[in-house]
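>>> here is the input, now give the coordinates:
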Amino acid sequence: MSYSKDIVLEKLASLEETQISIQSIGQWCLFHHRHAPETVAIWSEFVGSTQTKKLAGLYLANEIIQQSRAKRKNTFLDEFAKVLPSTLEQIYPSMISTHQAKLKRIIDVWSQRKIFDSDLIHRLYQSIQDQKANSGLSSSSSNSPPINSGDLAPEISSLSALFNRISTLKSATSLVVNQINEKYSNLFDTETLPGTDIYLKQLGDLSTLITSTKSKSQEIEELRDSIINELKKLIQVQESWITKDAESLGSLDEKLSTVQQKESELKEFINDVEEEDGIPQYAASSDEEGEENNSKKRKLESPPTETADPGEQPTNPVHPQLSSILESLSRTTGLTPEPASTSDDSATTTQRQDETPVSSSINPALASLLSKLNG
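Numbers count the residues shown, from 1 in each chain. Now for the predicted structure:
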């Protein structure tokens, strides 16, 4: 198996957080242990630039380090010892909290198994502790909590997955593109060319590398088109929701107006009632008072209405003044009423006398007086 920087970059780009992927790439690196300095340098550059494969890169480093210690091949141990403190210090702040905890666990294992000396272990802990303290100060000065992918809405989650895939492909191709540009310049922008066979091989390697990178670039372009389409769908959905929300808001405004109007009317009614209760009662005017007195006088002068017995004949009522005069005249003229009979037979006689007109029992002078009084 040949070794080149391009191959290392390709293998790192295909790295996944699975045991098979980590072990297979780790074994390939160990096989080329003579290129340990170059491999570790490429690794450090890769994990520092990738957005999604930092943890996988750390797992790969742990695999190579532990296998090197088991096989007593210290070349990789020495090379990783040179770059680990600065690399961890660089990548730790950008890692999510769960990945930071896993990184600390890797350092704990190195410390427990004494993979590195205590001084290096202390430097590794120090590199993440300093960054953790700085991260804590930064987070305390910010009011925005970190966003967890589990907190995203389903519509945004699909977009997030597309962006993550683009980030993975970009990190895998960015370094390769730099290598392609460098090789291309060496092959075409120079006056001194290698031999025909070497030149042909270099052209073939560059062609393979460009083809591989081109396929990833095409996938990135397709992913961006998918993102645009998803965003257009989201815009259409949100526009329809804006219309529905406007209708709902209009209905709420109408209900609020009705409620406020009714509330205002009720308050006005309560105020009017309270004002009426507080108005003083003034004396009636002279005209109203005279009318009221006349009404009372008419009620007093009107004789009480008695309910007539169906078996009795109606009788003419006698004026009170007339009754007094009749009584006086009866005493002066010698007219006295007949005594009432106590027998049943006299009742009929008394009834007949009562039916006799009064004028027939008195003298003409009295009758004339009565006529004038009644007139």
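
>>> contacts, neighbours, all on C-alpha from now
Fine.

>>> name the helix or strand for S158, please.
S158 belongs to helix 154-188 when assigned by DSSP states H and E.

>>> the helix or strand that that helix is followed by - contacts with which helices or strands?
Next helix or strand after helix 154-188 toward the C-terminus (DSSP H and E): helix 196-277. Judged by 3 or more C-alpha pairs under 8 Å, 6 or more residues apart in numbering; DSSP states H and E, helix 196-277 is in contact with helix 154-188.

>>> may I see the buried residues of the helix holding S158?
Within helix 154-188, the residues that count as buried by 16 or more other C-alpha atoms under 10 Å are 159, 162-163, 166-177, 179-180, 183-184, 187.

>>> any idea of the mean pLDDT in that helix?
Averaged over helix 154-188, pLDDT sits at 78.

>>> so that helix versus helix 196-277, what angle?
Put simply, helix 154-188 runs at 150 degrees to helix 196-277, going by axes from the mean of the first three to the mean of the last three C-alpha atoms, to 10 degrees.

>>> report all helices and strands that helix 154-188 contacts.
Using 3+ C-alpha pairs under 8 Å, 6+ apart, the elements in contact with helix 154-188 are helix 5-13, helix 36-49, helix 196-277.

>>> export the first one as PDB, just CAs?
What it means is helix 5-13. Only the C-alpha atoms of helix 5-13 are listed here, as PDB (Å, rounded to 0.1, in the frame of the first residue of the first chain):
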ATOM      1  CA  LYS A   5      -0.700  13.000   1.900                       C
ATOM      2  CA  ASP A   6      -3.700  12.800  -0.400                       C
ATOM      3  CA  ILE A   7      -4.500   9.300   0.700                       C
ATOM      4  CA  VAL A   8      -4.300  10.300   4.400                       C
ATOM      5  CA  LEU A   9      -6.700  13.100   3.700                       C
ATOM      6  CA  GLU A  10      -9.100  10.800   1.900                       C
ATOM      7  CA  LYS A  11      -9.000   8.300   4.800                       C
ATOM      8  CA  LEU A  12      -9.600  11.100   7.300                       C
ATOM      9  CA  ALA A  13     -12.500  12.400   5.200                       C
END
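
>>> please identify the buried residues of it?
Applying 16+ other C-alpha under 10 Å to helix 5-13 flags 6, 8-13 as buried.

>>> and G48, how many neighbours?
20 (other C-alpha atoms under 10 Å).

>>> what ranges does the stretch 1-150 of the chain have for its helices?
Taking DSSP state H, counting those that start in this stretch as the criterion, the stretch 1-150 of the chain contains helices spanning 5-13, 19-31, 36-49, 54-70, 74-91, 97-112, 118-140.

>>> and of those helices, who's closest to S212?
With C-alpha to C-alpha, the closest approach to S212 among these belongs to helix 5-13: 8.9 Å.

>>> mind showing which ranges of this protein have poor pLDDT?
Counting by pLDDT under 70, the chain contains low-confidence ranges at 1, 130-152, 155, 172, 277-375.

>>> contacts only, for K216.
By C-alpha atoms under 8 Å, 6 or more residues apart in numbering, the contact list for K216 reads 169, 173.

>>> give me the distance between it and L175.
13 Å (C-alpha to C-alpha, to the nearest Å).

>>> repeat that for I198.
With distances taken as C-alpha to C-alpha, I198 is found 24 Å from L175.

>>> the closest residue to W110 other than its chain neighbours: neighbour count?
Residue nearest to W110 in three dimensions, not counting chain neighbours: F116, with 6.7 Å by C-alpha to C-alpha, 6 or more residues apart in numbering. Using other C-alpha under 10 Å, F116 has 18 other residues around it.

>>> need phi/psi at F116.
Main-chain torsions, F116, degrees, to the nearest 10: phi -120, psi 170.

>>> run a quick check on it versus V109, I expect a contact.
No. In this structure, F116 is not within contact of V109 by C-alpha atoms under 8 Å, at 10.4 Å.

>>> tell me the spacing between E239 and S257.
For E239, the distance to S257 equals 27 Å [C-alpha to C-alpha].

>>> nope, R72 is what I meant
84 Å.

>>> what does S68 give?
79 Å.

>>> ok, now V109?
For V109, the distance to S257 - C-alpha to C-alpha - is 69 Å.

>>> grab the nearest non-local neighbour of M95.
In space, and not counting its chain neighbours, M95 is closest to K54: 7.8 Å by C-alpha to C-alpha, 6+ apart.

>>> in contact with that neighbour: list those residues for me.
K54 neighbours (C-alpha under 8 Å, 6+ apart): 47-48, 91, 95.

>>> need the contact list for L12.
Shown in contact with L12 (C-alpha under 8 Å, 6+ apart): 25, 43, 46, 57, 172.

>>> count of residues packed around the fourth one?
Using other C-alpha under 10 Å as the criterion, G57 is surrounded by 23 other residues.

>>> hang on, it packs against V47?
Yes. Taking C-alpha under 8 Å as the definition, G57 is a contact partner of V47 at 6.0 Å.

>>> what is the neighbour count of W28?
15.

>>> my bad, K233
13.

>>> ok, it to S226 distance?
According to C-alpha to C-alpha, K233 stands 11 Å off from S226.

>>> again with L88
As judged by C-alpha to C-alpha, L88 and S226 stand 35 Å apart.

>>> between the two, which is the more surrounded one?
L88 (21 against 14).

>>> gap between the more buried one and Q126?
L88 is 10 Å from Q126, by C-alpha to C-alpha.

>>> same deal with I210?
According to C-alpha to C-alpha, I210 and Q126 sit 41 Å apart.

>>> got it, and M95?
Note on M95: its distance to Q126, by C-alpha to C-alpha, is 17 Å.

>>> over to L12?
27 Å.

>>> higher neighbour count, I210 and Q126?
With neighbours defined as other C-alpha under 10 Å, I210 and Q126 compare such that I210 has more, 17 against 14.

>>> tell me who's in contact with I121.
By C-alpha under 8 Å, 6+ apart, the residues touching I121 are 107, 110-111.
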